[in-house]
Each structure stands twice: as structure tokens, then as C-alpha cells.
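Undergrad: build me a model from this:
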Amino acid sequence: MAAKPAFATSAQVEHPKFGLGSVLECTEDSVRIKFDEHGEKKFVLSIVQPNLKKSDRQPPAEKKRAARKKAATA
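TA: Next up, the predicted model:
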């Protein structure tokens, strides 16, 4: 039976250097987190786990990308 991952997908965490983020994926060996201010980072779980704190904040709303307008052809 596989071990339960340390962090659930979409769990909110806080890292001392990168700040608040959302867990995208967590395996036995690694964790991938999307930080609010620093983008997506992947860490070796055994190294980063002591530095991560679970956060009780609500996940930030995803920003919608503005659609590009097509240039008018002459």
C-alpha cells in the first residue's frame, strides 16, 4: 500500500523564502507548489518539508488572461 502524500493537492502552504502557495502535486519524493509571487517551484520533499507550514487561507482566485485582439489587416 502506498504511503499517504505529505500534502494534499491544492493544500495551502507557506515557505519562509517564497511565501504563500498552493500544492499542485505531491509524491513520495517531491512536491510541486505554485507560489503567489514566485511562480511554480519543485522541491525534494525530505529537504523542504521542515520549512513548509500549512496555511488556512483560501486559495487565490485564478487570474483570467486577457484575450489578444487580432490586428486589423489592411
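
Undergrad: partner residues bridging V44?
TA: Assessed by DSSP bridges, V44 has beta-bridge partners S30.

Undergrad: S30 is in contact with that one, correct?
TA: Yes: with contact defined as Cβ atoms under 8 Å, V44 counts as touching S30 (5.9 Å). In this view, the C-beta of every residue, glycine as well, is placed from N, C-alpha and C.

Undergrad: which of those two has more neighbours?
TA: S30 (14 against 10; other Cβ atoms under 10 Å).

Undergrad: would you mind listing the outside residues contacting the longest strand anywhere in the chain?
TA: For the chain, the longest strand by residue count, based on DSSP state E, is strand 19-26. With contact meaning Cβ atoms under 8 Å, 6 or more residues apart in numbering, strand 19-26 is reached by 5-15, 31-38, 40-41, 45, 55, 57, 59-60.

Undergrad: report the buried members of those residues.
TA: 6-7, 11-13, 15, 31-35, 41, 45 (16 or more other Cβ atoms under 10 Å).

Undergrad: which parts of the longest strand of the chain are buried?
TA: 20-24, 26.
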